[in-house]
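Enquirer: with the sequence up front, the predicted model follows.
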Amino acid sequence: MGRYLLRRLVNYLILVIVAASLTYFLAGSSLNPRAKFEGRNPPVPAATITKTLDDYNMNPDTPVVTRFVHWADGVVHGDLGKTIDGDSVNDDFGRRVGVSARLLLLATIVGSAIGVAVGTFGAIRQYRLFDRFSTLASFFVLAMPAFVIGVALKIGATAINGGSQTLKVLGEYDAQFEGQWGWDALVNRAQHMLLPALTLILMQVALYSRYQRSAMLDVLGSDFLRTARAKGLPRRTALVKHGLRTAILPVVPLLVYNIVLLFTGATFTEKTFGWHGMGELLVDSITKQDINSVATVGLFTAVLVLIAGLLSDLLYAALDPRVRVR
């Protein structure tokens, strides 16, 4: 088992290096940070623009290989460089990771758990009322883009609120609670989190319920489940201990990768509700021609793939004894 995980770790580390490097070369060769400063009124002297871009390691006139070596050396030493606005990428990145973590982790874990439960129960109650209703509801949700769900929830919340502000529809917290973590601040943050989290939960439930229902249906007619019942196991115990454990195996990689990679994949949800997380950072950094920030998002995404792969392997090994003996 240890050698198996070590091989996987080495493979993932190589992929991280390759993916991060390719992201930097793509951003460095296609983005034009000089356009950020040109066309201003009053005009910025060309020498000043060049000096600024050199200081930020974003000068397109410098060979991209040279810029990459400088950036990679900084990454090794824990320095992700400067943003196009002159701020520290480390500071901006750290703040946005915290924002995305607060929004995504709870929502995706809750949504995936409910989705697996709904899909499993729907398979057990195939073609009955619950199964038909959950199937119709999941297809309805999957047919709508995330921002449509988010806007619909915002409209509904505004109607429910009337003149009050019980359900917050924009931002991470009210201005007076910035930097605070007392009881009132936590309640306020929870009010702001409700709608974007609900958007993500609805999408996760719809997605995972379909996968889990299909996987569970394949297991229900299997020989090993009939054997377990023939040995005297109660139906519920056989379904949970043997059926669900087997049926969830194909869904485990999807679960782990989707939960982890939503850090950079919830762009529309973050934009809709005004959450300044990693998804928004990716869009804004491309718009601003910010090479260092784009490269940082690429590096972060590659590391997330590594983490997701290792977690997926561990969960798979825990659920499937055959993996542990290879």
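Expert: Nice, thanks for sending it over. Quick caveat, the model's predicted, so the values are computed rather than measured.

Enquirer: domains in the chain, as residue ranges please.
Expert: For the chain, automatic domain parsing gives the domain ranges 1-85+288-326, 90-275.

Enquirer: with mean neighbour count and mean pLDDT added, can I get those domains in a markdown table?
Expert: (C-beta placed from N, C-alpha, C; glycine too.) Below are those laid out as a markdown table (neighbours: other CB atoms under 10 Å; pLDDT from 0 to 100):
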| stretch | mean neighbour count | mean pLDDT |
| --- | --- | --- |
| domain 1-85+288-326 | 16 | 86 |
| domain 90-275 | 17 | 86 |
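
Enquirer: same list (these) but as a markdown table, adding distance to Leu282.
Expert: Output for the domains of the chain, formatted as a markdown table (distance: least, CB to CB, whole Å):
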| stretch | distance to Leu282 |
| --- | --- |
| domain 1-85+288-326 | 5 |
| domain 90-275 | 6 |
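
Enquirer: the strands in the stretch 1-150 of the chain, which residues?
Expert: With DSSP state E, counting those that start in this stretch as the definition, the stretch 1-150 of the chain shows no strands.

Enquirer: just the helices in it please.
Expert: Along the stretch 1-150 of the chain, the segments classed as helices by DSSP state H, counting those that start in this stretch run 2-30, 46-55, 64-76, 89-124, 129-142, 146-161.

Enquirer: among these, which is nearest Trp275?
Expert: helix 89-124 (5.7 Å; CB to CB).

Enquirer: helices and strands around that closest one, which ones?
Expert: When contacts are defined as 3 or more CB pairs under 8 Å, 6 or more residues apart in numbering; DSSP states H and E, helix 89-124 sits against helix 129-142, helix 183-220, helix 252-261, helix 267-273, helix 278-287, helix 291-319.

Enquirer: for Asp87, which of the ones you listed is the nearest?
Expert: When those are ranked by proximity to Asp87, the top entry is helix 291-319, at 9.6 Å, counting by CB to CB.

Enquirer: the closest one vs helix 64-76, what angle?
Expert: Between helix 291-319 and helix 64-76, the angle comes out at 60 degrees (axes from the mean of the first three to the mean of the last three CA atoms, to 10 degrees).

Enquirer: any idea how far helix 291-319 is from the chain center?
Expert: Taking CA atoms, centre = their mean, to the nearest Å, one finds the center of helix 291-319 at 10 Å from the center of the full chain.

Enquirer: so what does it touch, helix or strand wise?
Expert: Using 3+ CB pairs under 8 Å, 6+ apart, helix 291-319 sits against helix 2-30, helix 64-76, helix 89-124, helix 252-261, helix 278-287, helix 321-324.

Enquirer: which strands and helices lie in contact with the fourth one?
Expert: Spelled out, it's helix 252-261. So helix 252-261, by 3+ CB pairs under 8 Å, 6+ apart, packs with helix 89-124, helix 183-220, helix 291-319.

Enquirer: will you turn those helices into TSV that also has distance to Phe139?
Expert: Putting the helices and strands packed on helix 252-261 into TSV (distance: least, CB to CB, whole Å) gives the following:
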stretch	distance to Phe139
helix 89-124	12
helix 183-220	8
helix 291-319	27
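
Enquirer: hang on, Val75 packs against Leu299?
Expert: Yes: the criterion here is CB atoms under 8 Å, and Val75 meets it with Leu299 at 6.9 Å.

Enquirer: find residues that contact each of the two.
Expert: With contacts taken as CB atoms under 8 Å, 6 or more residues apart in numbering, Val75 and Leu299 have Ala20 as neighbours in common.

Enquirer: so what's the spatially most central residue of the chain closest to, chain neighbours aside?
Expert: The centre of the chain sits closest to Leu262, judged by CA atoms, centre = their mean, with a distance of 1.0 Å. The shortest distance from Leu262 to any non-neighbouring residue, by CB to CB, 6 or more residues apart in numbering, is to Leu104 (5.0 Å).

Enquirer: distance check, the one you found against Ser112.
Expert: Distance, Leu104 to Ser112, by CB to CB, to the nearest Å: 11 Å.

Enquirer: quick one: common contacting residues for these two?
Expert: Common contacts of Leu104 and Ser112 (CB under 8 Å, 6+ apart): Ile259.

Enquirer: next, the contact list for Asp61, please.
Expert: When contacts are counted by CB under 8 Å, 6+ apart, Asp61 touches Thr50.

Enquirer: before we move on, the earlier item: ok, which of the helices of the stretch 1-150 of the chain comes nearest Arg189?
Expert: Short answer: helix 89-124, nearest of these by CB to CB, at 7.6 Å.

Enquirer: now that closest one against helix 278-287, angle please.
Expert: With the same axes, to 10 degrees applied, the angle from helix 89-124 to helix 278-287 works out at 130 degrees.
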